[in-house]
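In: have a look at this fold, sequence not included:
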């Protein structure tokens with residue numbers, strides 16, 4: 001088999017390494033007409049389709065973009081590396097720019113400055129943390145192995161990597177500040193438990209902070225179950241404790257009679273004193289208020305911090321911040337988990353009865369989400385009529401705490417089967433037997449929230465069902481319809497990290513960078529902001545200042561040959577778009593070669609226009625490295641236009657002109673013209689390649 005497939009396997013491995021295809025595909029998949037996109041030089045416009053134009057006797061495909069005032073821009077597919085999808089706010093409110101004025105440049109300049117400030121602050125924090133010494137924790141490997149082997153499941157590859165990275169940080173001399181990102185139910189808690197064990201086993205204390213009391217109780221039970229074979233004392237601190245119980249717990253904490261404490265933000269209060277704190281675990285940091293976040297910031301400086309979040313932090317942002325704030329992403333679902341079957345439906349008594357009866361008959365439980373406290377009792381009575389032989393109860397955040405706890409505990413212990421609740425269930429109460437959820441008025445919830453709430457079911461090996469109940473389609477906004485259709489189509493597990501949702505990405509960016517950056521992200525789009533942040537980090541690391549216009553002008557190559565992907569080779573417009581984008585985004589010959597092999601593998605031998613597209617891209621890569629702004633050529637000759645700071649060898653250009661004045665001549669300070677018989681297209685391409693090689697510095 002290796003003799004047959006060895007070569008292709010190598011090529012695929014190299015390909016994966018050389019590009020972040022997922023990001024590119026995510027960037028342009030389902031780019032519908034009217035969707036906003038960002039052009040690096042012209043700003044935000046709307047995509048109106050892919051069209052074929054005949055320019056100078058050669059056909060080419062162009063992206064048609066519309067800007068403010070109805071101005072149109074035709075972008076050749078070879079320049080698709082300058083285009084990215086706009087994700088910064090809802091597509092309807094994207095700020096369209098006007099062609100030919102300086103608003104875009106100003107927005108970019110301002111965002112560059114902000115990105116620079118953020119990068120500086122992050123690098124300062126990083127430097128301070130790197131300078132701190134003396135909190136390396138050495139734990140007993142044999143004890144840890146026993147604890148790890150008691151995990152009843154097989155770790156997913158991502159989970160194993162997150163655990164390894166966390167343990168490496170714990171052993172390191174500088175304080176840990178790691179964020180573990182994982183979709184709901186993908187095993188972040190086990191990462192936290194392994195870290196807690198490693199630290200607690202050395203005699204240091206561990207504190208876990210969760211945003212809600214219910215979540216604290218859930219974590220407490222999970223920790224007590226997981227640590228049952230070990231002599232650690234685990235307790236909680238939350239509103240459910242009486243004043244006397246709280247006082248006792250605080251004293252025990254100070255006297256080191258508690259090893260692991262789990263609590264709400266109460267753990268951040270001044271009267272909470274630890275004997276020997278070694279690790280703080282924070283669950284869903286974005287749900288804490290500003291004041292609590294500031295208190296957490298102070299803690300960060302001198303103890304190990306591990307943050308768990310289900311908010312997808314985009315991989316691209318992760319790359320630009322690598323080494324500043326450490327991230328582990330768990331994107332692979334547990335082995336036996338099934339995707340959640342999702343349906344969009346109007347309120348239908350028969351359907352509600354059938355969905356609930358089916359779940360209860362297989363020994364399961366049902367969530368019914370109704371996010372309106374004033375009518376929740378009425379809805380519960382209505383459901384009780386539809387399901388006369390079933391115990392239906394309700395819960396919401398405005399109930400007395402003890403009553404709320406009692407209802408949740410009863411549901412957890414399967415004392416009743418249908419729980420009608422508000423979005424309080426969003427915050428992670430884990431009930432493996434609940435595998436059907438009905439969401440009333442799903443059109444009123446945001447995509448991020450719907451995704452989180454739907455993740456309450458399907459936490460075991462049973463197939464889970466979600467019903468998004470809405471009013472008739474005609475009475476909903478277009479935006480709501482799109483949101484629900486997107487969620488219904490994204491049944492794949494881990495979707496929070498792939499196609500998921502722009503509002504989540506923006507929230508993830510805000511979580512890492514501070515909320516003040518949202519305005520910049522809205523103005524220039526997330527991808528462009530991320531690019532600027534990347535440049536800022538690189539510039540500061542090398543001791544420079546980032547430039548808002550690093551490539552003030554992209555290199556364009558027009559050599560008069562049809563360079564496109566014909567529709568009879570790849571009929572699907574989205575596939576063509578994605579491949580155009582990937583070809584334009586390659587950085588070197590190795591990337592291009594890998595992409596060529598992939599296209600031949602997927603679609604068959606390359607037609608001539610596709611070979612020409614690869615040839616034009618190669619010329620553009622060569623020209624870019626030489627600081628060439630423009631390369632034009634036709635059957636009789638052409639010209640090269642240099643940028644303000646070319647990297648060509650001027651001596652070589654003068655030698656060319658002196659040796660062959662009948663071919664070459666200089667035109668002003670920035671142009672080299674050439675006259676030559678280039679009627680044969682293949683010879684034209686080879687001749688131009690040779691010319692660029694000969695003037696390289």
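Out: Received it, and whenever you're ready, just let me know what you need. Everything numeric in this text was worked out from a predicted model, so none of it was measured. Numbering: from 1, shown residues only.

In: ok, the closest residue in space to residue 608 that isn't next to it in sequence - contacts?
Out: Closest residue to residue 608 apart from its sequence neighbours, by C-beta to C-beta, 6 or more residues apart in numbering: residue 562 at 7.9 Å. Bear in mind the C-beta positions are built from the backbone N, C-alpha and C, glycine included. Counting by C-beta atoms under 8 Å, 6 or more residues apart in numbering, residue 562 touches 58-60, 608-609, 612.

In: filter those residues down to just the ones in strands.
Out: When the contacts of residue 562 are checked against strands (DSSP state E), the matches are 58-60.

In: surely the residue nearest to residue 608 is in a helix?
Out: No - counting by DSSP: H, G, I helix; E, B strand; the rest coil, residue 562 falls outside a helix, being coil.

In: can you tell me how far it is from residue 412?
Out: Relative to residue 412, residue 562 is positioned 66 Å away (C-beta to C-beta, to the nearest Å).

In: help me confirm that residue 533 is found in a helix?
Out: Yes - under three-state DSSP, residue 533 sits within a helix.

In: measure how buried the residue lying closest to it once chain neighbours are set aside is and give me the count.
Out: The shortest distance from residue 533 to any non-neighbouring residue, by C-beta to C-beta, 6+ apart, is to residue 115 (4.4 Å). When neighbours are defined as other C-beta atoms under 10 Å, residue 115 has 28 of them.

In: using a markdown table, please lay out the contacts of residue 562 together with pLDDT and distance to residue 364.
Out: Compiled in a markdown table, the contacts of residue 562 are given as follows (pLDDT from 0 to 100; distance: C-beta to C-beta, whole Å):
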| residue | pLDDT | distance to residue 364 |
| --- | --- | --- |
| 58 | 77 | 63 |
| 59 | 80 | 59 |
| 60 | 82 | 57 |
| 608 | 93 | 59 |
| 609 | 93 | 56 |
| 612 | 93 | 59 |
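
In: ok, those vs residue 532, which is closest?
Out: Nearest to residue 532 out of these is residue 60 (C-beta to C-beta; 30.2 Å).

In: tell me which residues touch residue 661, please.
Out: So residue 661 contacts nothing (C-beta under 8 Å, 6+ apart).

In: per-residue pLDDT, it?
Out: Residue 661 carries a pLDDT value of 92.

In: which SSE is the nearest residue to residue 565 once chain neighbours are set aside in?
Out: Computed as C-beta to C-beta, 6+ apart, the closest residue to residue 565 that is not its neighbour in sequence is residue 576, at 5.0 Å. Assessed by DSSP states H and E, residue 576 sits inside helix 573-584.

In: and that helix, what does it pack against?
Out: Judged by 3 or more C-beta pairs under 8 Å, 6 or more residues apart in numbering; DSSP states H and E, helix 573-584 is in contact with helix 21-28, strand 43-55, helix 589-603, helix 608-625.

In: kindly state the domain boundaries assigned to the protein.
Out: With domains defined by automatic domain parsing, the chain comprises 2-101+555-611, 141-330, 340-491, 626-695.

In: surely the residue nearest to residue 565 meets residue 570?
Out: Yes - between residue 576 and residue 570 there is a contact at 5.2 Å, judged by C-beta atoms under 8 Å.

In: who touches the closest residue to residue 185 other than its chain neighbours in this structure?
Out: Excluding its sequence neighbours, the residue lying closest to residue 185 (C-beta to C-beta, 6+ apart) is residue 459, at 4.8 Å. Contact partners of residue 459, counting by C-beta under 8 Å, 6+ apart, are 185, 337, 430-432, 434-435.

In: now, of the residues you listed, which are buried?
Out: Buried by 16 or more other C-beta atoms under 10 Å: 185, 337, 430-431, 434-435, out of the contacts of residue 459.

In: between these, which sits nearest residue 147?
Out: Distance to residue 147, by C-beta to C-beta, is smallest for residue 430 among the buried ones among the contacts of residue 459, at 20.6 Å.

In: what kind of secondary structure is the closest one in?
Out: Residue 430 ends up coil, using three-state DSSP.

In: quick one on the thing from earlier: quick one: mean pLDDT for the helix holding residue 576?
Out: 84.

In: same thing with stretch 98-105?
Out: On average, stretch 98-105 scores 85.

In: for that stretch, which positions count as buried?
Out: Those would be 99, 104, for stretch 98-105 by 16+ other C-beta under 10 Å.

In: and that stretch, how far out from the chain's middle?
Out: Centroid separation for stretch 98-105 versus its chain: 29 Å, with C-alpha atoms, centre = their mean, to the nearest Å.

In: what distance separates the start and the end of it?
Out: For stretch 98-105, the separation between the terminal residues is 11 Å (C-alpha to C-alpha, to the nearest Å).

In: now stretch 453-464
Out: End-to-end distance for stretch 453-464: 13 Å, by C-alpha to C-alpha.

In: over to stretch 594-611?
Out: 14 Å.

In: kindly report the same for stretch 66-77.
Out: Length of stretch 66-77, first residue to last, C-alpha to C-alpha: 16 Å.

In: now it, how far from the centre of its chain.
Out: In this view, stretch 66-77 has its centroid 29 Å away from the chain centroid, taken as C-alpha atoms, centre = their mean.

In: and that stretch, what's buried?
Out: By 16+ other C-beta under 10 Å, the buried positions in stretch 66-77 come out as 66-68, 73, 75-77.

In: any chance of the helices and strands packed on helix 573-584 in JSON lines, with mean neighbour count and distance to residue 245 too?
Out: Converted to JSON lines, the helices and strands packed on helix 573-584 look like this (neighbours: other C-beta atoms under 10 Å; distance: least, C-beta to C-beta, whole Å):
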{"stretch": "helix 21-28", "mean neighbour count": "18", "distance to residue 245": "49"}
{"stretch": "strand 43-55", "mean neighbour count": "17", "distance to residue 245": "56"}
{"stretch": "helix 589-603", "mean neighbour count": "16", "distance to residue 245": "62"}
{"stretch": "helix 608-625", "mean neighbour count": "20", "distance to residue 245": "67"}
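
In: would CSV of these with distance to residue 268 be doable?
Out: CSV is the format used below for the helices and strands packed on helix 573-584 (distance: least, C-beta to C-beta, whole Å):
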stretch, distance to residue 268
helix 21-28, 37
strand 43-55, 41
helix 589-603, 48
helix 608-625, 51
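
In: quick one: which of these is nearest residue 480?
Out: strand 43-55 (21.3 Å).

In: the closest one: partners in the sheet, and parallel or antiparallel?
Out: Applying DSSP bridges to the sheet, strand 43-55 is found paired with strand 36-39 (antiparallel), strand 58-66 (antiparallel).

In: buried deepest among those, which one?
Out: Of the strands paired with strand 43-55, the one with the most neighbours on average (mean count of other C-beta atoms under 10 Å) is strand 36-39, at a mean of 23.
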